[in-house]
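Novice: What follows is a predicted structure for the sequence shown.
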Amino acid sequence: MQTFALFCVATLTAQKYSPSEENLAARVSFQEDKFGMFVHWGVYSLLGDGEWVMHNQNIAIDEYEKLPTFFNPIDFDPKEWVALVKEAGMNYITITSRHHDGFSLFDSKVTEYDIVDATPYGKDVLKELADECRKQGVKLFFYYSLLDWNRDDYFPRGRTGNGIPGRGEGEWENYIVFMKAQLKELLTNYGDIGGIWFDGHWDQKEWDGKAFGALKVDWHYDEIYKMIHDLQPQALIGNNHHIGVIDGEDFQMFEKDLPGKNTTGWGTAADQIGSVPLEVCETINGSWGFNLQDRKHKSNKELIHYLIKAAGYGSNMLLNVGPMPNGKIQPEHQASLRAMGAWLKQNGTTIYETHKGPIAPNDDFVSTQKGKTVYLHLLNPELNVIHIDKVPVKIKSISDLKSKKNLSFRNDKFGLVIDVSNLSKDPIDTVIQIELK
Ligand code: GLC
């Protein structure tokens with residue numbers, strides 16, 4: 001009898017996650033959305049030095065806890081945010097519900113360290129945003145930090161935040177109970193959400209200064225993921241752990257790197273890319289949280305190229321803004337977002353609802369595809385001839401999307417050659433439309 005019971009438990013735990021129909025439909029719709037806004041906002045925004053300021057400056061717990069007492073974003077207007085998102089051609093928002101500093105931007109009953117209980121503002125900004133998103137037809141995802149520099153029960157501690165004075169020592173299992181309770185709140189108090197975007201997994205990995213080693217704790221992903229899917233089957237789970245997809249996850253994200261690239265040092269290896277929707281996240285300047293002196297604002301061209309390249313990998317782009325402590329988005333960033341929206345108004349058909357095309361992306365050109373139409377984005381206006389080695393497709397015609405002018409081409413054993421010498425090229429992107437047989 002006992003053996004039988006043990007056998008059952010073993011079989012049960014070995015069971016693989018199989019996504020519900022709602023979840024599969026949500027994955028398709030998410031991947032078609034292609035463009036979303038990442039929002040890093042919290043009490044750290046007050047200090048204008050990014051969301052890692054507590055760790056970077058080793059701010060003591062009792063000092064940092066003064067921040068909420070004067071966090072009062074009176075100019076926060078969810079209508080304005082969501083309208084900007086739409087103007088930018090974005091289809092969803094992913095906002096930090098709680099970042100590594102442990103402060104919750106929503107009304108949580110399992111802690112007082114949240115926007116409703118601890119700030120003079122006293123309102124649940126996530127609730128206001130969720131209501132507005134629903135009104136304007138924009139999906140809402142919640143970023144949720146697994147790592148926490150404030151709570152005693154985040155113990156054993158991870159690799160970060162160890163210079164912060166005043167940290168205590170509690171019970172890991174209590175921390176898991178706390179996270180589950182908060183996630184339940186996020187999954188029950190804000191209507192249907194797009195999903196949960198986890199971050200901080202890597203904090204609990206051994207690190208020898210060069211490479212990550214074993215994980216020190218059990219994150220209880222099996223229970224956490226199951227709870228989320230039980231509460232909202234359509235909600236997509238992603239985890240910024242920089243490794244391959246873990247059972248129970250519905251999409252995979254790539255931080256500051258295109259899928260399979262590793263310019264950051266923590267990029268997910270190409271052989272770890274899963275067969276789930278992909279999303280690349282990137283900052284609009286050099287920071288996630290509001291950074292007063294960050295002048296590395298990316299140009300419209302850089303931003304648009306990143307969006308095109310992401311799409312060329314079949315991936316979404318989640319572009320970040322760090323709103324100011326008053327709740328406004330920096331004017332320079334608003335302008336960039338509007339410029340992207342204007343570009344998408346003209347060229348959206350070549351991005352939305354596409355998947356990656358038959359020609360692998362590089363710095364000169366990128367391909368996306370919808371049905372029998374391939375959109376070849378020419379990013380380098382200097383090129384007069386496009387030459388691509390072996391493209392495994394049969395081509396009916398090639399034309400310039402804008403002027404509809406036919407382009408002469410050859411596609412044989414020497415590869416695909418398209419003559420673009422007579423084309424008036426756009427400095428950002430000239431789209432060449434390839435119709436397949
Ligand atoms: C990193 C950072 C974090 C940021 C995230 C966004 O994981 O730790 O601050 O929220 O990237 O991708």
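Specialist: Done, it's in. Predicted, not measured: the structure shown is a model, and the values here were computed from it. Residues are numbered from 1 along each chain as shown.
Novice: So which residues on this protein come close to the ligand?
Specialist: 40, 51, 52, 199, 240, 255, 281, 288 (Cβ under 6 Å from any ligand atom). For glycine as for every other residue, the C-beta is placed from the backbone atoms N, C-alpha and C.
Novice: Can you give me the domain assignment for the chain?
Specialist: Annotated domains of the chain cover 21-353, 365-436 [automatic domain parsing].
Novice: Surely residue 375 is in a strand?
Specialist: Yes: assignment of residue 375 by DSSP: H, G, I helix; E, B strand; the rest coil places it within a strand.
Novice: any idea how far it lies from residue 366?
Specialist: 9 Å (Cβ to Cβ, to the nearest Å).
Novice: rewinding a little: I'd like to know which of the domains of the chain is closest to residue 359.
Specialist: With respect to residue 359, and counting by Cβ to Cβ, the nearest of those is domain 365-436 at 4.0 Å.
Novice: Let's test this: mean pLDDT of the closest one, rounded?
Specialist: Taken as a whole, domain 365-436 has a mean pLDDT of 95.
Novice: Show me how far that domain is from its chain's centre.
Specialist: 30 Å (Cα atoms, centre = their mean, to the nearest Å).
Novice: distance of residue 312 from the ligand?
Specialist: 21 Å (Cβ to the nearest ligand atom, to the nearest Å).
Novice: Give me the neighbour count for that residue.
Specialist: 27 (other Cβ atoms under 10 Å).
Novice: contacting residues for it?
Specialist: Taking Cβ atoms under 8 Å, 6 or more residues apart in numbering as the criterion, residue 312 is in contact with 356, 357, 360, 361, 366, 367, 368, 377.
Novice: cool, residue 270 as well?
Specialist: 259, 260.
Novice: separation between it and the ligand?
Specialist: Per Cβ to the nearest ligand atom, residue 270 is found 19 Å from the ligand.
Novice: and the spatially closest residue to residue 256 that is not a sequence neighbour, which of the three is it?
Specialist: Spatially, and ignoring its direct neighbours in sequence, residue 256 is nearest to residue 264 (5.1 Å; Cβ to Cβ, 6 or more residues apart in numbering). The three-state label given to residue 264 by three-state DSSP is coil.
Novice: now residue 326
Specialist: coil.
Novice: how close does the closest residue to it other than its chain neighbours sit to the ligand?
Specialist: Leaving aside its sequence neighbours, residue 326 sits nearest to residue 75 (Cβ to Cβ, 6+ apart; 4.3 Å). Distance of residue 75 to the ligand, given as Cβ to the nearest ligand atom: 23 Å.
Novice: Residue 75 contacts residue 325, doesn't it?
Specialist: No: the criterion here is Cβ atoms under 8 Å, and residue 75 misses it with residue 325 at 9.4 Å.
Novice: out of these two, which sits in the more crowded spot?
Specialist: residue 325 (22 against 12).
Novice: residues in contact with that one?
Specialist: Here residue 325 is in contact with 45, 46, 48, 71, 73, 290 (criterion: Cβ under 8 Å, 6+ apart).
Novice: Just flag the most distant two among those residues.
Specialist: For the contacts of residue 325, and using Cβ to Cβ, no pair is farther apart than 48 and 73, which are 13.9 Å apart.
Novice: picking up where we left off before, for residue 101, state which of the residues of the chain next to the ligand is nearest.
Specialist: residue 51 (7.3 Å).
Novice: which ones are touching that closest one?
Specialist: 40, 42, 44, 96, 99, 100, 101, 288, 289, 322 are the contacts of residue 51 under Cβ under 8 Å, 6+ apart.
Novice: Quickly find the element holding it.
Specialist: Under the criterion of DSSP states H and E, residue 51 resides outside all helices and strands.
Novice: Which residue is the nearest non-sequential neighbour of it?
Specialist: residue 289 (3.2 Å).
Novice: now do residue 222
Specialist: Nearest non-adjacent residue to residue 222 (Cβ to Cβ, 6+ apart): residue 248, at 6.8 Å.
Novice: so how many other residues sit close to that neighbour?
Specialist: 18.
Novice: you'd agree it is in a strand?
Specialist: No: secondary structure of residue 248 (three-state DSSP): coil, not part of a strand.
Novice: how far away is it from residue 274?
Specialist: 12 Å.
Novice: Same question for residue 223.
Specialist: 21 Å.
Novice: and what of residue 18?
Specialist: From residue 18 over to residue 274 (counting by Cβ to Cβ), the distance is 15 Å.
Novice: ditto for residue 199
Specialist: Counting by Cβ to Cβ, the gap between residue 199 and residue 274 amounts to 18 Å.
Novice: In terms of neighbours, single out the busier of those two.
Specialist: The neighbour comparison of residue 199 against residue 274 (other Cβ under 10 Å) goes to residue 199, with 21 against 15.
Novice: and the closest residue to the ligand within the stretch 301-437 of the chain, what does it touch?
Specialist: Scanning the stretch 301-437 of the chain for the residue nearest the ligand gives residue 320, at 7.2 Å (criterion: Cβ to the nearest ligand atom). Going by Cβ under 8 Å, 6+ apart, residue 320 touches 37, 38, 39, 40, 281, 282, 283, 284, 288.
Novice: what's the closest non-adjacent residue to it?
Specialist: residue 38 (3.7 Å).
Novice: what about the one you found, which SS state?
Specialist: Applying three-state DSSP: residue 38 is strand.
Novice: That one is in contact with residue 319, isn't it?
Specialist: Yes: with contact defined as Cβ under 8 Å, residue 38 reaches residue 319; the gap is 6.4 Å.
Novice: Now the common contact residues for those two.
Specialist: Common neighbours of residue 38 and residue 319 (Cβ under 8 Å, 6+ apart) are residue 281.
Novice: helix, strand or coil for residue 334?
Specialist: Going by three-state DSSP: residue 334 is helix.
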